[in-house]
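Q: Return atomic coordinates for the entry below.
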Amino acid sequence: MGEHGVSKRAKAANRKPAKPAKPAKAAGSAKPAKAAGSAPAKPARPAKPESRLAMVRRARRINRELAEVFPYAHPELDFRNPFELLVATVLSAQTTDLRVNQTTPALFAKYPTPEDLAAAVPEEVEELIRPTGFFRAKTKSIMGLAAALRDDFGGEVPGRLEDLVKLPGVGRKTAFVVLGNAFGVPGITVDTHFMRLVRRWRWTESDDPVKIEAEVATVFPKSEWTMLSHRVIFHGRRICHARKPACGACPITHLCPSYGEGETDPEKARKLLKYEMGGFPGQRLDPPPGYPGRPAPPLGASDG
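A: Numbering: from 1, shown residues only. So this is what the prediction gives:
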């Protein structure tokens, strides 16, 4: 009986050290698991969405800084009067301003007025503007608008949006180019460069040119619209390209929410720069005073 009691006590004594070991195991495994599991329970708070006011301030700062980078921004089509600018802008669809500038001298030498162009032989006009591409459709448009100017506007280009958009081949983009640069009427030119950049800068999420024009117009005073268009288009052609933006050579990366979409290495990015920014000829054969680059060569000449 005594031996049995001793034996029971000895067994109990032998079991006692095992009891704390059990919680110790639990403490060693369960507590760290809790700590590890608690991190996902409180995820990092996402970046606060940019307010409308903050976006407007950032957009206006981009405009100011681009004005310092491109103080010489200008329309990149050669023209001497509203008629030449109107025709050149219609011809610029689906081609470069450079190619248009290389083509229009011969065209305007032969047909200097709307009356002259309206009375031209279509095949002869086609041959002159062939380098700009889509020459048959463009011939129809420029001869049609020339006839409309002759018949409806006394041979003069009208200075109102509602009149310009009635002309063959003339949409809002072309109309605002003419109004802003030939008549001094403020307008936003929403071309492919402008559309791409304002979306990259998160000024808009729209891909509709008319909506983009309306949205951007609420961000900037009317007096800035024409020069804003030139600066944005200049930046798009020289630095913020469609396929491979030169992020590493961009002067406004601190304001760009899309930084990193392109080449970020400064040396590699500098090799992507175009026109005067890259040391190459510009688009105009007859650039305005103050342009820092080299004029473009005439058609058929070397551009080196």
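Q: Format the CA atom coordinates belonging to stretch 271-286 as CSV.
A: Extracted C-alpha coordinates of stretch 271-286, given in CSV (Å, rounded to 0.1, in the frame of the first residue of the first chain):
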residue,chain,number,x,y,z
LYS,A,271,19.6,59.7,-76.3
LEU,A,272,15.9,59.6,-76.8
LEU,A,273,15.5,63.4,-76.9
LYS,A,274,14.3,64.8,-80.3
TYR,A,275,14.6,68.0,-82.3
GLU,A,276,16.5,70.8,-80.6
MET,A,277,16.6,69.0,-77.3
GLY,A,278,18.5,66.2,-78.9
GLY,A,279,20.6,68.5,-81.1
PHE,A,280,18.7,67.8,-84.3
PRO,A,281,16.9,70.0,-86.8
GLY,A,282,13.4,71.2,-85.9
GLN,A,283,10.2,70.8,-87.9
ARG,A,284,10.0,74.3,-89.4
LEU,A,285,11.9,75.4,-92.5
ASP,A,286,11.3,79.0,-91.3
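Q: who touches that stretch?
A: Applying C-beta atoms under 8 Å, 6 or more residues apart in numbering, the contact partners of stretch 271-286 are 76-78, 96-98, 101-102, 105, 237-239, 241, 244-246, 249, 262-263, 270, 291-298, 303. For glycine as for every other residue, the C-beta is placed from the backbone atoms N, C-alpha and C.
Q: hang on, residue 58 packs against residue 252?
A: No. Taking contacts as C-beta atoms under 8 Å, residue 58 lies outside contact range of residue 252: 9.9 Å.
Q: Please pick the buried ones from the contacts of stretch 271-286.
A: Buried residues within these, counting neighbours by 16 or more other C-beta atoms under 10 Å: 76-78, 97-98, 101-102, 237-239, 241, 245-246, 249, 262-263, 291, 293, 296.
Q: Where helices are concerned, which of these count?
A: In helices, judged by DSSP state H, the following of the buried ones among the contacts of stretch 271-286 are found: 97, 98, 101, 102, 237, 238.
Q: residues contacting the first one?
A: Each residue near residue 97 by C-beta under 8 Å, 6+ apart is listed here: 76, 77, 283, 284.
Q: Format those as JSON lines; extra columns: distance to residue 204.
A: Formatted as JSON lines, the contacts of residue 97 follow (distance: C-beta to C-beta, whole Å):
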{"residue": "76", "distance to residue 204": "24"}
{"residue": "77", "distance to residue 204": "26"}
{"residue": "283", "distance to residue 204": "26"}
{"residue": "284", "distance to residue 204": "29"}
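Q: Closest to residue 182 out of these?
A: residue 77 (10.6 Å; C-beta to C-beta).
Q: Residue 101 versus that closest one, what's the distance?
A: Note on residue 77: its distance to residue 101, by C-beta to C-beta, to the nearest Å, is 6 Å.
Q: Same question for residue 187.
A: 21 Å.
Q: try residue 275
A: 13 Å.
Q: Residue 245 now?
A: As judged by C-beta to C-beta, residue 245 and residue 101 stand 25 Å apart.
Q: Then residue 50?
A: Taking C-beta to C-beta, one finds residue 50 at 39 Å from residue 101.
Q: so which strand or helix has residue 64?
A: With secondary structure defined by DSSP states H and E, residue 64 is part of helix 52-69.
Q: and that helix, what does it pack onto?
A: For helix 52-69, the contact count by 3 or more C-beta pairs under 8 Å, 6 or more residues apart in numbering; DSSP states H and E identifies helix 225-238 as packing neighbours.
Q: ok so, going back, need the max-distance pair from the ones in helices among the buried ones among the contacts of stretch 271-286.
A: The farthest-apart pair in those, when distances are taken by C-beta to C-beta, is 102 and 238, at 19.5 Å.
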